[in-house]
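Visitor: take a look and give me a structure for this.
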Amino acid sequence: MNRSTKLWIGVGACLVLGTPGSAMASADASDPTADAASFAGHGVHPVATVARGGEGGEGGEGGEGGEGGGPVDTASDYVTRLLLMKGHLRVGRELYLQNDRGNAAAHFSHPRAELYESVAAALAQRNAAPFVDALQALSDASLARADRSRVLSLYDDVLARIDAAIARVDSSEREAPALVIDVAMRLLRHAADEYRIAVKGDAFVNDAEYQDGRGFVLVARDLLAAHAASLQRTNREASARLERRLDELARAWPSVVPPAKPVLRADEVQAAVSRIELTAGALNAPSSRSAHARP
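Guide: Reported below is the predicted structural model:
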């Protein structure tokens, strides 16, 4: 589903549910402050629109093909699609913890609305347990203003199910530096695309796209952090350079709420991603062969 067909539709007074409101280190999902610290037959429910423009905008969803566009033919396709879900959920949790319940509910709905259908067949092929009901339960609970502890428990449950689905990829392939870097680069390209849509001149015009990009960068950082040891064994110097360049890119997303003015221009974000990709080549990544792959 591309952004032009996204369902960001309100339902009367239920639209607004709340008041808007080191680089490779992985944030602990059990710590309510971790995300902020790391960056100084169910249907689709209608959800709240996001301040300064809902999803949509120029350029279509997440660049070529959109997040959920295209087949899921390879392990990289499969893992990327699942980690994109995590990125959406991640910023939803940040917003939820800041009591921006309406926009949190919007982001919590994205994996179900945008991505799950595209990966459902691949889940079945890999004998991974379906988790669409868990995604829907989280979205429902957030929309219904359920108890905070229940919402966070449902969030943790969804993440555990996504991790279990990723674990269906054989560890020898899943943990290989080539796949890790390839998936990380796909996430970062998506983030750059989202940022391009979010920024116009020296102002943010679409908070939701900015937030999606932040989520994808956070998840890419976590992925690289989890495999830091193997990447260092592959090429210690390139691994350190990758970390520094990821730090430079992360400056564009200093918080879940966009700053008053962009820290980096859209072209600077794209250039930062390109520099990361050049570094990735020294880590035996297939990024040069999949430079435009956005599963």
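
Visitor: what ranges does the stretch 51-200 of the chain have for its helices?
Guide: Secondary structure of the stretch 51-200 of the chain, counting by DSSP state H, counting those that start in this stretch: helices at 75-97, 101-110, 116-125, 132-143, 148-166, 171-174, 177-198.

Visitor: please work out which of these is packed deepest.
Guide: Sort the helices of the stretch 51-200 of the chain by mean neighbour count, taking mean count of other CB atoms under 10 Å, and helix 101-110 sits at the top with a mean of 28. All C-beta spots, glycine's among them, are computed from the backbone N, C-alpha and C.

Visitor: for it, packing partners?
Guide: With contacts defined as 3 or more CB pairs under 8 Å, 6 or more residues apart in numbering; DSSP states H and E, the packing partners of helix 101-110 are helix 75-97, helix 132-143, helix 207-226.

Visitor: can you tell which of these is closest to E175?
Guide: The closest of the helices and strands packed on helix 101-110 to E175 is helix 207-226. By CB to CB, the value is 9.0 Å.

Visitor: buried ones in the closest one?
Guide: With burial defined by 16 or more other CB atoms under 10 Å, the residues of helix 207-226 counted as buried are 207-225.

Visitor: so, low pLDDT: which residues of the chain?
Guide: For the chain, the stretches with pLDDT under 70 are 1-69, 284-295.

Visitor: and the one residue sitting closest to the centre of it, what does it touch?
Guide: Compute the mean C-alpha point of the chain, and by CA atoms, centre = their mean the closest residue is G87, 2.2 Å away. Applying CB atoms under 8 Å, 6 or more residues apart in numbering to G87 gives the contacts L187, H190, D212, G215, F216, L218, V219.

Visitor: can you tell me which of those is closest to N235?
Guide: Nearest member of these to N235, counting by CB to CB, is L187, at 20.5 Å.

Visitor: excluding sequence neighbours, find me the nearest residue to that closest one.
Guide: Counting by CB to CB, 6 or more residues apart in numbering, A220 is the residue found nearest to L187 once chain neighbours are left out, at 4.1 Å.

Visitor: show me the contacts for that neighbour.
Guide: L83, V183, A184, L187, L188, A191, L246.
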